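Q: this one's sequence-less:
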């Protein structure tokens, strides 16, 4: 069966699908509440289903989805290509993704974001940076680094994450 060829066992496929639970996909009907969405593949071939899963599950790095923070209308979903995110910041129990002209509030935890893409590296307890937007690295006091991003912002690499950051740069 082709599903095993592309996804391994059924339990591996179920594990990948379980990651969808946290996606901000919901359906509101007359403001009475949120309902779950079910995908039904009755009239599709096995090959079409496999293409659907390969395009959506095996390549989760295509976009970051969250609630726009710069919108005057309130909670409106927004999306940003994962390569355009400059950095992520955890403030309290909220996580924000910052792009050039967009800020998104995410439902993910910072440790989950580290797994989104190999482009993201943790630099402190509260920050994860897109390594492609690091322009310069400066030594700082107490064994820390200051990194300058392409947009001119400066972020601090803490001592705790300094070794991990340097190992990432060497790879």
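A: Received it, and whenever you're ready, just let me know what you need. Keep in mind it's a predicted model, so treat the numbers as computed, not measured.
Q: I'd like to know which elements the helix or strand hosting residue 105 is packed against.
A: Assigned by DSSP states H and E, residue 105 belongs to strand 103-106. Here strand 103-106 touches strand 63-68, strand 77-81, strand 94-98, going by 3 or more Cβ pairs under 8 Å, 6 or more residues apart in numbering; DSSP states H and E. (C-beta placed from N, C-alpha, C; glycine too.)
Q: Could you tell me the per-residue confidence at residue 69?
A: Residue 69 is assigned 72 on the pLDDT scale.
Q: May I ask you to confirm that residue 142 is in contact with residue 157?
A: No. Contact criterion Cβ atoms under 8 Å: residue 142 and residue 157 do not qualify, at 11.5 Å.
Q: These two: who's more crowded?
A: Between residue 142 and residue 157, residue 157 has the larger neighbour count (other Cβ atoms under 10 Å), namely 25 against 6.
Q: There's contact between residue 66 and residue 85 in this structure, I believe.
A: No. In this structure residue 66 lies outside contact range of residue 85 using Cβ under 8 Å: 10.3 Å.
Q: any residues in contact with both of these two?
A: Common neighbours of residue 66 and residue 85, counting by Cβ atoms under 8 Å, 6 or more residues apart in numbering, are residue 97.
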